[in-house]
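Trainee: need the 3D shape of this:
(2 chains, ligands or ions: 1)
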Amino acid sequence: MNITEKILAKAAGKKAVHPGEIVDANVDVVMIHDLTGPLAVEAFKRIGVQKVWNNKKIVLILDHQVPAESVKAAELHKIMRQFAKDQNLQIYDVGKGGICHQVMPEKGHVTPGAVIVGADSHTCTYGAFGAFATGIGSTEAAAVMATGKIWFKVPPTIKVNVKGNFQKYVTPKDLILYVIGKMGVDGAIYKAAEFTGPTIKKMSIAGRMTLCNMAVEMGAKNGIIEPDETTRKFLETRVKALPDFDALKSDKDAAYESTVEFDVSKMEPQVACPSSVDNVKPISEVGNVTIEQAFIGSCTNGRLEDLRLAAEVMKGKRVKDGVRALVIPASQEVWKQADQEGLLQIFIDAGAIVCGSACGPCLGGHIGLLAAGESCVSTSNRNFIGRMGSTQASVYLASPATVAASAITGKLTDPTKLEKKP
Amino acid sequence: MNSKIKAPAIKFGNNIDTDVILPGKYLILVDPCELAKHALESLDTEFVKKAQKGVILVGGKNFGCGSSREQAPLALKYSGVKCVVAESFARIFFRNAINIGLPVIECKGISAAVETGDELAVDFEAGKVENVSNGKKFQVEKLPPFILEIVADCGLIKNLRRKMKK
Ligand code: SF4
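Mentor: Coordinates of the predicted model:
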């Protein structure tokens, strides 16, 4: 079996499982946030049980409309706080956490081999730690809170084998955009995407999270990477106990539906153009695109490593007049470290605004919305019509280095070219 | 719920994402009828008016891709959509729809066989989809019994209530 099958078999109390089989799995952790949570709370109450199945395994995070920008959002937050209080649940309130997918691993809610569901499509991010993690809806989250169980169809797995070393300013974000461009937005629908190969083995946790985060953008049920020493280093100070990693390795003879191979050594920065995540081009082919907004943040690319890269590009330069540059560290922890390293200073000196850790403009519901006719280059994960505000605005997705370089020039810019012409 | 549904079709293309079904800015609305007012508005400002009397949505590949927002199928259901038939669904949307009591059916070849305005007849239990206007018929893979049960109970909550009482 491969790692996804091993985890699902264990969660279902079976010796083996096969793609297509429907299993009833025990869930280790369920997460809900301020936009999907209130619906889940309401649904939970309608089920008619008094207590949640296990109050240690449910995590509430406020991150989407944070701090509340409207009375309606404030009311939703109130529902979440009350539920946490009534059921004695862990809640990361305003100022205590950050974006859910950053907070979950940071605060030790993610362990390799666990089955984690979240009422958010990018829950697949935790596959970076060798967990089986996938997004569900609010009603289903309510059912899990009541029963601790959920059904899954065991997915067939696509092996994504990556080799080569990245060139300077080419990042895991460029890789995943490239992969999605090749596979298409429905290229892995209902399937697992297992990232493997020498490039992945060398990749940092931040990079692995970026890859698994965007697995859902090609329709995947989960993205997953075998846990290793890098995983251990990140998690050992955060979780109580780590499982045996050997039991989470894909067998040598494990079955895969298909294998796709990628080599990053000659890859240039990639851009997903409007309005589909698979509309991907190398930056040299994008042409002349002026931008009004540059956004560095989100659960895809708001980590310390991303901010370091963006700061390196922006250091000593000024954001072009007519461009708003928004920087949002993915969590309070990232914020603090970025501050200690002097990164926030660099952004502020460059004329960028640094906002509190939250989803921000990523979903077009809170701050940093776009007007009709405007363009934004963003490190986030979706460029759908209307995603970041007006339905007549355009969103381009790219790496933190590319977004930073573009903020300086006011148009989509290859970060490697920026360096040569200061 | 009756497993048979008959209604005129409204057809959309591939990759209809949840941001166009219901933009993020409306997620703070709680009342499903309020959500429904904005269903698919960025693709068709008249959609809600057209759906009012009851329609079957026909989609291409990857219908409902994107966010896990259950508000998307809810908005469709309360706008008058009785069922969605598509070439394929994004998995979270598929589960959400079933869980909130909006029947969904995967039916390969449906896009080419239907135009907006055609009369469709769907029977979940039998796994049948028929375009009454042009006589084209499809036999689709039947949903597993436990999912049909959720559909029959008009959603997961009622289904769970019933099971937990046992
Ligand atoms: S940062 Fe964007 S994609 Fe990530 S959880 Fe928030 S809204 Fe969703």
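Trainee: what's the neighbour count on residue A:262?
Mentor: 17 (other Cβ atoms under 10 Å in any protein chain shown). Placement of C-beta: from N, CA and C, glycine included.
Trainee: how about it, what does it touch?
Mentor: A:160-163, A:175, A:178-179, A:182 (Cβ atoms under 8 Å, 6 or more residues apart in numbering or on different chains).
Trainee: check these and tell me the two furthest apart.
Mentor: Greatest spacing in the contacts of residue A:262, by Cβ to Cβ: A:163 and A:182 (15.3 Å).
Trainee: any chance of the contacts of residue A:262 in CSV, with pLDDT, neighbour count and distance to the ligand too?
Mentor: Shown next, in CSV, are the contacts of residue A:262 (pLDDT from 0 to 100; neighbours: other Cβ atoms under 10 Å in any protein chain shown; distance: Cβ to the nearest ligand atom, whole Å):
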residue, pLDDT, neighbour count, distance to the ligand
A:160, 98, 28, 21
A:161, 98, 17, 26
A:162, 98, 23, 23
A:163, 98, 14, 29
A:175, 98, 27, 18
A:178, 98, 22, 20
A:179, 98, 25, 18
A:182, 98, 13, 22
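Trainee: with secondary structure and distance to chain B added, can I get those in JSON lines?
Mentor: Output for these, formatted as JSON lines (DSSP: H, G, I helix; E, B strand; the rest coil; distance: Cβ to the nearest Cβ, whole Å):
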{"residue": "A:160", "secondary structure": "strand", "distance to chain B": "18"}
{"residue": "A:161", "secondary structure": "strand", "distance to chain B": "24"}
{"residue": "A:162", "secondary structure": "strand", "distance to chain B": "24"}
{"residue": "A:163", "secondary structure": "strand", "distance to chain B": "29"}
{"residue": "A:175", "secondary structure": "helix", "distance to chain B": "21"}
{"residue": "A:178", "secondary structure": "helix", "distance to chain B": "19"}
{"residue": "A:179", "secondary structure": "helix", "distance to chain B": "16"}
{"residue": "A:182", "secondary structure": "helix", "distance to chain B": "16"}
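Trainee: how far does stretch A:134-144 sit from the chain's center?
Mentor: Between the centre of stretch A:134-144 and the centre of its chain there are 18 Å (Cα atoms, centre = their mean, to the nearest Å).
Trainee: for stretch A:180-195, that is, sorry about that
Mentor: 16 Å.
Trainee: buried stuff in that stretch?
Mentor: A:180-181, A:183-195 (16 or more other Cβ atoms under 10 Å in any protein chain shown).
Trainee: so which of those residues are in helices?
Mentor: A:180-181, A:183 (DSSP state H).
Trainee: closest to residue A:295 among these?
Mentor: Nearest member of these to residue A:295, counting by Cβ to Cβ, is residue A:180, at 19.0 Å.
Trainee: okay, now the closest residue to residue A:149 other than its chain neighbours: neighbour count?
Mentor: Once flanking residues are discounted, residue A:149 sits nearest to residue A:24: 5.7 Å by Cβ to Cβ, 6 or more residues apart in numbering or on different chains. Residues near residue A:24, counting by other Cβ under 10 Å, number 14.
Trainee: try residue A:267
Mentor: 18.
Trainee: spatially nearest residue to it, not counting backbone neighbours?
Mentor: Residue A:267 sits nearest to residue A:170 (Cβ to Cβ, 6+ apart), 5.4 Å away.
Trainee: quick one: the one you found is in a helix?
Mentor: No: in this structure, residue A:170 is coil, not part of a helix, as judged by DSSP: H, G, I helix; E, B strand; the rest coil.
Trainee: thought residue A:12 was touching the residue nearest to residue A:149, still the case?
Mentor: Yes: in this structure, residue A:24 is within contact of residue A:12 by Cβ atoms under 8 Å, at 6.1 Å.
Trainee: on the three-state scheme, the residue most central in space within chain B is what?
Mentor: Taking Cα atoms, centre = their mean, the centroid of chain B lies closest to residue B:84, which sits 2.9 Å from it. Assigned by three-state DSSP, the conformation of residue B:84 is strand.
Trainee: how near is it to residue B:19?
Mentor: Distance, residue B:84 to residue B:19, using Cβ to Cβ, to the nearest Å: 17 Å.
Trainee: now do residue B:145
Mentor: Taking Cβ to Cβ, one finds residue B:145 at 34 Å from residue B:19.
Trainee: ok, residue A:330 next?
Mentor: 21 Å.
Trainee: just residue A:153 next, same as before
Mentor: Taking Cβ to Cβ, one finds residue A:153 at 26 Å from residue B:19.
Trainee: could you find the closest non-adjacent residue to residue A:148?
Mentor: Nearest to residue A:148 is residue A:53, by Cβ to Cβ, 6+ apart, at 4.0 Å.
Trainee: neighbours of the one you found, how many?
Mentor: Residue A:53 has 16 nearby residues by other Cβ under 10 Å.
Trainee: equivalent analysis for residue B:48, please.
Mentor: Neighbours of residue B:48 (other Cβ under 10 Å): 18.
Trainee: again with the one 3 residues further on
Mentor: As a burial measure, residue B:51 scores 24 neighbours (other Cβ under 10 Å).
Trainee: tell me the pLDDT of it.
Mentor: At residue B:51, the pLDDT value in this model is 96.
Trainee: what residues does it make contact with?
Mentor: Taking Cβ under 8 Å, 6+ apart, one finds B:10, B:39, B:76, B:79-81 in contact with residue B:51.
Trainee: sort out which of these are in strands and list them.
Mentor: Judged by DSSP state E, the subset of the contacts of residue B:51 located in strands is B:10, B:81.
Trainee: which among the contacts of residue B:51 end up buried?
Mentor: Buried, going by 16+ other Cβ under 10 Å: B:10, B:39, B:76, B:79-81, out of the contacts of residue B:51.
Trainee: next one: phi and psi at residue B:56?
Mentor: When quoted as degrees, to the nearest 10, the phi and psi of residue B:56 stand at phi -110, psi 120.
Trainee: that one: how many residues sit nearby?
Mentor: When neighbours are counted by other Cβ under 10 Å, residue B:56 comes out with 26.
Trainee: please enumerate the helices of chain B.
Mentor: B:18-21, B:32-36, B:47-51, B:71-79, B:91-100, B:110-113, B:145-152, B:156-165.
Trainee: distance to residue A:414 added to the ones you listed, as JSON lines?
Mentor: Output for these, formatted as JSON lines (distance: least, Cβ to Cβ, whole Å):
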{"stretch": "helix B:18-21", "distance to residue A:414": "28"}
{"stretch": "helix B:32-36", "distance to residue A:414": "42"}
{"stretch": "helix B:47-51", "distance to residue A:414": "41"}
{"stretch": "helix B:71-79", "distance to residue A:414": "36"}
{"stretch": "helix B:91-100", "distance to residue A:414": "35"}
{"stretch": "helix B:110-113", "distance to residue A:414": "39"}
{"stretch": "helix B:145-152", "distance to residue A:414": "49"}
{"stretch": "helix B:156-165", "distance to residue A:414": "48"}
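Trainee: closest one to residue A:380 among the ones you listed?
Mentor: Closest among the helices of chain B, using Cβ to Cβ: helix B:18-21, at 12.2 Å.
Trainee: and that closest one, how far out from the chain middle?
Mentor: 13 Å.
Trainee: that helix near the ligand anywhere?
Mentor: No: Helix B:18-21 stays clear of the ligand (Cβ under 6 Å from any ligand atom), getting no nearer than 10.7 Å.
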